[in-house]
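> no FASTA, just this:
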């Protein structure tokens with residue numbers, strides 16, 4: 001169950017946020033995440049609460065106020081190949097939506113299966 005957190009500046013439109021979240025979900029599904037497995041949240045921050053460098057370390061074009069940070073928390077064990085495939089699909093979807101991929105950062109965070117209690121406090125993947 002990937003959990004996606006999108007961080008953007010407060011003035012971003014609903015359409016922009018939905019386009020980003022939909023692109024992420026499509027990319028996750030493309031690498032095997034079930035279609036119904038959609039857990040996403042958006043953090044909309046004031047400019048003074050969400051600062052970023054316009055070019056560090058290798059942005060091809062300077063980042064603007066439409067910069068987005070995407071954090072994907074998922075279970076450990078996915079290969080670099082899977083992550084690259086997911087990113088390739090994401091970049092294609094963002095480009096189709098007119099969103100500059102150089103203005104998006106993706107961070108993968110991994111955790112062990114036994115750290116997920118999906119519902120009702122049940123640790124489905126933990127040994128007793």
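That came through fine. Fair warning: this is a prediction, and the values are worked out from it, not measured in the lab.
> report the beta-bridge partner residues of residue 7.
Beta bridges link residue 7 to residue 43, residue 69, judged by DSSP bridges.
> so it makes contact with residue 46?
No: if you go by C-beta atoms under 8 Å, residue 7 and residue 46 don't touch, sitting 11.9 Å apart. Quick note: C-beta positions are derived from backbone N, CA and C, even for glycine.
> these two: which has the busier surroundings?
Shown here are residue 7 and residue 46; by other C-beta atoms under 10 Å, residue 7 has more neighbours (18 against 9).
> residue contacts, residue 16?
The contact partners of residue 16, taken as C-beta atoms under 8 Å, 6 or more residues apart in numbering, are 8, 66, 99.
> which one of these has the most neighbours?
Counting neighbours by other C-beta under 10 Å, residue 8 comes out on top of the contacts of residue 16 with 21 neighbours.
> show me the contacts for that one.
By C-beta under 8 Å, 6+ apart, residue 8 lies in contact with 16-17, 20, 42-45, 50, 66-69.
> buried ones among these?
16-17, 20, 42, 50, 66-69 (16 or more other C-beta atoms under 10 Å).
> among these, which one lies nearest to residue 79?
Closest approach between the buried ones among the contacts of residue 8 and residue 79, by C-beta to C-beta: residue 69, at 23.4 Å.
> would you mind confirming that the closest one is in contact with residue 107?
Yes: counting by C-beta under 8 Å, residue 107 is a contact partner of residue 69 at 7.2 Å.
> one step back: for the contacts of residue 8, give me JSON lines that also has pLDDT and distance to residue 57.
Converted to JSON lines, the contacts of residue 8 look like this (pLDDT from 0 to 100; distance: C-beta to C-beta, whole Å):
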{"residue": "16", "pLDDT": "97", "distance to residue 57": "25"}
{"residue": "17", "pLDDT": "97", "distance to residue 57": "26"}
{"residue": "20", "pLDDT": "97", "distance to residue 57": "22"}
{"residue": "42", "pLDDT": "98", "distance to residue 57": "26"}
{"residue": "43", "pLDDT": "98", "distance to residue 57": "23"}
{"residue": "44", "pLDDT": "98", "distance to residue 57": "26"}
{"residue": "45", "pLDDT": "98", "distance to residue 57": "22"}
{"residue": "50", "pLDDT": "97", "distance to residue 57": "19"}
{"residue": "66", "pLDDT": "95", "distance to residue 57": "19"}
{"residue": "67", "pLDDT": "97", "distance to residue 57": "14"}
{"residue": "68", "pLDDT": "98", "distance to residue 57": "17"}
{"residue": "69", "pLDDT": "98", "distance to residue 57": "15"}
